[in-house]
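Peer 1: Need coordinates for the below:
(2 chains)
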Amino acid sequence: NAGVTQTPKFRVLKTGQSMTLLCAQDMNHEYMYWYRQDPGMGLRLIHYSVGEGTTAKGEVPDGYNVSRLKKQNFLLGLESAAPSQTSVYFCASRGANKETQYFGPGTRLLVL
Amino acid sequence: SQKIEQNSEALNIQEGKTATLTCNYTNYSPAYLQWYRQDPGRGPVFLLLIRENEKEKRKERLKVTFDTTLKQSLFHITASQPADSATYLCALDGYGGSQGNLIFGKGTKLSVKP
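Peer 2: Next up, the predicted model:
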């Protein structure tokens, strides 16, 4: 099992550009999450999904959109990137009736 | 306001000693609290979970305590080794409900010197 994978690993964007981050999990987990991690701020929840076809806002959703068209994939989109979105993005998943979250390796995004 | 705080940004200890990390929270009533380990450039990895009705949990050299009256969890690593050097995050289910959404502390960076 690969667990949780994220692509790309690193990306540089210019202000105003758009991109999509892909998260995939092969553990048949119901729940998936997108976090951002910034120095001094810790991990903050952007959006989450409780199942295929569902999404919900987390603590810091502004500027991001998500989609969960397939159970194993959770996409995070930036429509118009801003320097404030420079961060490390982590995807996580967990099974139903389980509390433990499994994290991907992260995507480092730099917005110039 | 709701807060979760890990009291030390960094903790330096000598190999063989016990490392004790603290996690305090206010204005939450979590059903459980978790501890994760994060190495540089990697995602967090789950270590231990302790529920509100449990006082203590152990796993090999790791021990977690949970005091819901003090609103505090302590995370101990006994006989610490340089390989234990990492950032440790505490997380609690601050949102309630069935989504299992976690609130994370900012982490404590542990350095174990040989």
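Peer 1: residues near the residue in chain A that chain B sits nearest to, how many?
Peer 2: Among the residues of chain A, A:Phe103 lies closest to chain B, at 3.2 Å counting by CB to the nearest CB. To be clear about C-beta, it is placed using only N, CA and C from the backbone, and glycine gets the same treatment. Counted with other CB atoms under 10 Å in any protein chain shown, the neighbours of A:Phe103 add up to 22.
Peer 1: give me every residue that touches the closest residue to it other than its chain neighbours.
Peer 2: Distances taken as CB to CB, 6 or more residues apart in numbering or on different chains place B:Gly43 nearest to A:Phe103, at 3.2 Å, with adjacent residues excluded. Counting by CB atoms under 8 Å, 6 or more residues apart in numbering or on different chains, B:Gly43 touches A:Val4, A:Phe90, A:Ala92, A:Phe103, A:Gly104, A:Pro105, A:Gly106.
Peer 1: any idea how far the closest residue to B:Thr26 other than its chain neighbours lies from chain A?
Peer 2: Nearest residue to B:Thr26, sequence neighbours excluded (CB to CB, 6+ apart): B:Lys3, at 4.8 Å. Computed with CB to the nearest CB, to the nearest Å, the distance linking B:Lys3 and chain A is 11 Å.
Peer 1: Contact residues of chain A facing chain B?
Peer 2: A:4, A:31, A:33, A:35, A:40-45, A:48, A:50, A:56, A:58, A:90, A:92, A:94, A:98-106 (CB under 8 Å from any CB of the partner chain).
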